[in-house]
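Novice: Just the structure for this:
(one chain, ligands or ions: 1)
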Amino acid sequence: MCDATKAKRHNISLFPDEYGHLLKNSFLCSVMRLCYVFFGLCAAIGLMGCATASSPGASVVSSAPVMTSTPISKGIFAATLSLCDGDHIDNAPTINARKNIVQYDPYAYVSGVTLVRAPVRRACFSSGFGNRHDRTGLHKGIDLSTGHPHAVYAAGDGVIEEMRTTIRYGNMILIRHNNDVKTRYAHLSSFGSKMHLGHDVRQGDIIGKTGKTGNANAVILHYEIIVGGTPQDPMTIGR
Ligand SMILES: [Zn+2]
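Specialist: Reported below is the predicted structural model:
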């Protein structure tokens, strides 16, 4: 029940500092009443809609999967990603004449989670997922070069599960998006000031800056998408 209504009904005297709070509650109550009226109308319209949908020949609408919802960071990340100039690039995706990756979709839809494929801005693609010509071991992610330290964004909503420094990854953050899906961000020059273990992040939140900590030899973001404990290629998964 609304405090203002209760106070009026029981003739309770109010202290000034409570007054603002109660005024706010009173306003909220008015809004809630309007909502009840509004949603009552919506429910009636919804029932009419159901009656229409059940008529013979009407198209069947299946339950909409979460992955088709509009990403909350839509518009932040570029619709194109290009290969970096210069050296040989391992496992490079197919590109067009302008060096843009063909059929690039800035979002991947993975096990009910919408993830950004390249969670940095103004970056180029400098190394692909898989075995590399000059190093042993699987490259478990992609490298995105930014030249100078730039913001790194959370690829999707989730919780920071790891935030530490290792010899290989340098400064690294691991975000858990659900029980199956995680993303890793490595070689950071710094962590975002509000970041800590257990912190809730939303897609597009700045979690750190690109860097060359660990075994990186340029200012990059090493980015992994991990599904069920296995790293996947961020360029191809979830199309
Ligand atoms: Zn890498």
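Novice: Not counting its neighbours along the chain, what's nearest residue 90?
Specialist: In space, residue 90 comes closest to residue 132 once its chain neighbours are excluded; the distance is 4.2 Å by Cβ to Cβ, 6 or more residues apart in numbering. To be clear about C-beta, it is placed using only N, CA and C from the backbone, and glycine gets the same treatment.
Novice: swap in residue 84?
Specialist: Closest residue to residue 84 apart from its sequence neighbours, by Cβ to Cβ, 6+ apart: residue 124 at 3.9 Å.
Novice: go on, residue 172?
Specialist: Closest residue to residue 172 apart from its sequence neighbours, by Cβ to Cβ, 6+ apart: residue 186 at 4.5 Å.
Novice: Quick one: residues contacting the one you found.
Specialist: Applying Cβ atoms under 8 Å, 6 or more residues apart in numbering, we find residue 186 in contact with 141, 168, 169, 170, 171, 172, 214, 216, 221, 222, 223, 224.
Novice: That one and residue 216: what is the separation?
Specialist: Distance, residue 186 to residue 216, by Cβ to Cβ, to the nearest Å: 8 Å.
Novice: on that earlier part again, A strand includes the residue nearest to residue 172, no?
Specialist: Yes: Residue 186 forms part of a strand when assessed by DSSP: H, G, I helix; E, B strand; the rest coil.
Novice: Look up how far residue 218 lies from it.
Specialist: Here the criterion is Cβ to Cβ. By it, residue 186 lies 13 Å from residue 218.
Novice: ditto for residue 229
Specialist: 29 Å.
Novice: How about residue 198?
Specialist: 31 Å.
Novice: When residue 229 and residue 218 are compared, which one has more neighbours?
Specialist: Set residue 229 next to residue 218 and count neighbours by other Cβ atoms under 10 Å: residue 218 wins out with 16 against 7.
Novice: What ranges does the chain have for its helices?
Specialist: 3-9, 16-53 (DSSP state H).
Novice: how many neighbours does the nearest residue to residue 190 once chain neighbours are set aside have?
Specialist: Excluding the flanking residues, the one nearest residue 190 by Cβ to Cβ, 6+ apart is residue 209, at 5.0 Å. Residues contacting residue 209 under the criterion other Cβ under 10 Å number 20.
Novice: What residues are bridge-paired with residue 209?
Specialist: Per DSSP bridges, the residues bridged to residue 209 are residue 151, residue 190.
Novice: for it, what are its contacts?
Specialist: Going by Cβ under 8 Å, 6+ apart, residue 209 touches 149, 150, 151, 152, 188, 189, 190.
Novice: Redo the residues you listed as a markdown table? Include distance to the ion.
Specialist: Compiled in a markdown table, the contacts of residue 209 are given as follows (distance: Cβ to the ion, whole Å):
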| residue | distance to the ion |
| --- | --- |
| 149 | 16 |
| 150 | 16 |
| 151 | 18 |
| 152 | 13 |
| 188 | 12 |
| 189 | 15 |
| 190 | 18 |
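Novice: Can you tell me which of those residues has the most neighbours?
Specialist: Using other Cβ under 10 Å as the neighbour test, the contacts of residue 209 are led by residue 152, with 30 neighbours.
Novice: That one contacts residue 205, doesn't it?
Specialist: No: using Cβ atoms under 8 Å, residue 152 and residue 205 do not qualify as a contacting pair, with a distance of 9.9 Å.
Novice: Residues of this protein that sit close to the ion?
Specialist: Within the chain, the positions lying close to the ion (Cβ under 5 Å from the ion) are 143, 222.
Novice: Show the contacting residues for whichever residue of the chain sits closest to the ion.
Specialist: Residue nearest to the ion within the chain: residue 222 (3.4 Å; Cβ to the ion). Contacts for residue 222 (Cβ under 8 Å, 6+ apart) come out as 141, 142, 143, 169, 184, 185, 186, 187, 216.
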